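Chemist: Give me coordinates for this.
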Amino acid sequence: MPKPAVLHSPDVELHLKRGFDTMANVLAVTLGPTQGIVLSEAQNDARPELLTDAATIARRILALPDRSEDVGAMLLRNLVWRMQLKAGDGCATAAVLAQSILNHAYRYKAAGANAVLLQRGLKRAAEATLEALRQMAQSVDDEEDLTSVAETITAEPDLSLILGEMFDILGPEAYINIEDYVAPYLEREYQEGGRWTGRLSSPYLITDPARRRAVLTNCPVALFAGPVSDIEEVQPLLQLAAQTSSKRLVLLAHEIKGAALTALVANHQQQKVQTIAVELRRPAGKRRTDFEDLAVLTGATVLAPEIGRPLVAIKAADLGVARRAEADADSMVVVGDPQYAVAVRQQIEQLQGRIQGLPPEDEALEELRFRLARLSGHVATLKIGAFTKAAREAMRQKASKALRALPLALQEGVVAGGGVAYLDCIPAVRAVAAQGEEAWGVDILARALEEPFRRIVTNAGVDSPAAVLAESRRQGQGTGYDALRGRMVNMTEAGILDAAGVLRLALMTAVSGAAMALGTETIVHKRRPETSLEP
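Modeler: Purely as a prediction, here's the structure:
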């Protein structure tokens, strides 16, 4: 017998909860340093995937067989993916919290509680939890704290040491690109100034043969958003550069070839005008912002045929200045001149305002963060490698999680890890003055805040997590279970730390998702539902 097109309460609660639990139970095994592995069956005779990242696991689950249960599973899938977009880490924590909240809430609802009043109590309890987290958060004082947070996320000591160093040097606005290698490798490379995707137009312009790159300092900069091919186009530019005291030139354009390139190379080799000629290689829309940021950083005017400013008409006032420029076959690094620092700061503030105004799932965020980092000079490359593709992908996933979470640690501080911070928030939640069914909502969250700790202990193979929880409470605030070493410790002293911002976002995401499920009274099935790879 086919399922009805419309499902009403109380059947909604039954099916939605089953789907929610199915998804949550899979994700919960990945919580903590002794996380389990989820085997994802592959298609087309490919090898199965071994997964430990909750967000990736959720993304692999496209649908459940029962359509009504699938609604609950997809609700949690979306919740977890939103957490991934916001913070990178904390996805399994959000899933475990949301599942526990919903389980307790449905029990109260089955006893006759009003869902709206329970949601009000949940909201008030969440506000108290957030305030408690804010008060207990300690600022990140040094590289050691950042390394501890990274190790809590990745369980990789060597990787964590490098990540801690990188964020200690670059700060929360860092943009760190990950490069894969096909052998065991772990290294980092810092770029002073901003990095642009581009190509040195000719190997004859190389000044550093050992590194296969061209380097110039204190040089004029010309920006042309178009192709350059005729010698007549570059002659006025070469004349302007020859009149400067440095007799150097950096030219960035869409394409540089033909007689124009020959003239630039000849002048460079004859030491009339030392030149770096670079073709910017990103797609058209992003290339436009590349020129925009270069103009701010160097003070140069962007010339373009469509605005009636061909390169042949360039004037001395159109040239900017770079303190240092480096280019090779893949990229270009530009260090701006200090005289343009005010304009750069204004551009940074504008980008920060745009970032704050966008939702976390907006695709434009990554590009804006990248632009912000390169204008701030906070750009680096993390180089990781392993013998197998699966090992490289696992390491990349761990690094990617830490790259999103560590800025939150710098911005909002750190708290005791291992679920202990949530435990320490429970007294503040219990102190919330609420009556009747709102008080039940408060109680729901107070109980749910225990669940991440319980799950970490369970995943560590402990038979009685309740006994470990009781011992943690007996020993007092900040005490938790070191799952790797199997003992009770002061989490802060042991260096087991979580980013306060990650826990804040996990709590808010879990409460929001659980409240949505709690308030759902009807499910309407589409006749031909679409299956999406995107949560």
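Chemist: Run the chain-centre distance for the host helix or strand of residue 480.
Modeler: Take DSSP states H and E as the rule and residue 480 turns out to sit in strand 479-482. With C-alpha atoms, centre = their mean, to the nearest Å as the basis, strand 479-482 stands 28 Å off its chain's centre.
Chemist: With stretch 456-467 instead?
Modeler: 31 Å.
Chemist: Run through the neighbouring helices and strands of the longest helix along the chain.
Modeler: Ranked by residue count and defined by DSSP state H, the top helix of the chain is helix 389-412. If contacts are counted by 3 or more C-beta pairs under 8 Å, 6 or more residues apart in numbering; DSSP states H and E, helix 389-412 sits against strand 49-51, helix 67-87, helix 143-154, helix 157-170, strand 175-181, strand 379-385, strand 497-499, helix 500-518. (Glycine included, C-beta is placed from N, CA and C.)
Chemist: Give me the mean pLDDT for it.
Modeler: For helix 389-412, the mean pLDDT works out to 88.
Chemist: Then stretch 484-493?
Modeler: Here stretch 484-493 scores 93 as its mean pLDDT.
Chemist: In terms of pLDDT, where does residue 46 sit?
Modeler: 66.
Chemist: er, residue 506 actually
Modeler: pLDDT, read off for residue 506, is 95.
Chemist: so who does it touch?
Modeler: Residue 506 is in contact with 83, 87, 90-91, 93-94, 97, counting by C-beta atoms under 8 Å, 6 or more residues apart in numbering.
Chemist: Residue 61 now?
Modeler: The contact partners of residue 61, by C-beta under 8 Å, 6+ apart, come to 23, 26, 73, 77.
Chemist: just the helices in the stretch 1-150 of the chain please.
Modeler: 11-28, 54-60, 67-87, 91-110, 115-136, 143-154 (DSSP state H, counting those that start in this stretch).
Chemist: Go ahead and name everything in contact with the longest one.
Modeler: Helix 115-136 is contacted from outside by 101, 105, 108-109, 412, 415-416, 421-422, 424-425, 428-429, 431-432, 434, 436-446, 449, 500, 503-504, 507-508, 511, 514-515, 518-519, using C-beta under 8 Å, 6+ apart.
Chemist: about what we covered before: which other residues reach the strand holding residue 480?
Modeler: Residues outside strand 479-482 that contact it (C-beta under 8 Å, 6+ apart) are 416-420, 423, 453, 456-457, 460, 462, 468, 472, 487-491, 494, 496.
Chemist: so of those, which ones are in strands?
Modeler: Members of those lying in strands (criterion: DSSP state E): 416, 487-490.
Chemist: if I look at residue 125, how far off is residue 106?
Modeler: Residue 125 sits 17 Å away from residue 106, going by C-beta to C-beta, to the nearest Å.
Chemist: higher neighbour count, the two?
Modeler: Ranked by neighbour count (other C-beta atoms under 10 Å), residue 125 and residue 106 place residue 125 first, with 30 against 23.
Chemist: Spatially, which two of the contacts of residue 61 are the most separated?
Modeler: Spanning the widest gap among the contacts of residue 61 are 26 and 77, at 10.5 Å by C-beta to C-beta.
Chemist: When those two are compared, which one has more neighbours?
Modeler: The neighbour comparison of residue 26 against residue 77 (other C-beta under 10 Å) goes to residue 77, with 27 against 21.
Chemist: helix or strand for the residue nearest to residue 175 when sequence neighbours are not counted, which one?
Modeler: Of all residues not flanking residue 175 in the chain, residue 373 sits nearest, at 2.9 Å (C-beta to C-beta, 6 or more residues apart in numbering). Using DSSP H and E, residue 373 falls within helix 364-376.
Chemist: what's that helix packed up against?
Modeler: Using 3+ C-beta pairs under 8 Å, 6+ apart, helix 364-376 sits against strand 175-181, strand 194-200, helix 284-298, helix 341-356.
Chemist: Could you check that helix and say which residues are buried?
Modeler: Of the residues in helix 364-376, 365, 368-376 count as buried by neighbour count, 16 or more other C-beta atoms under 10 Å.
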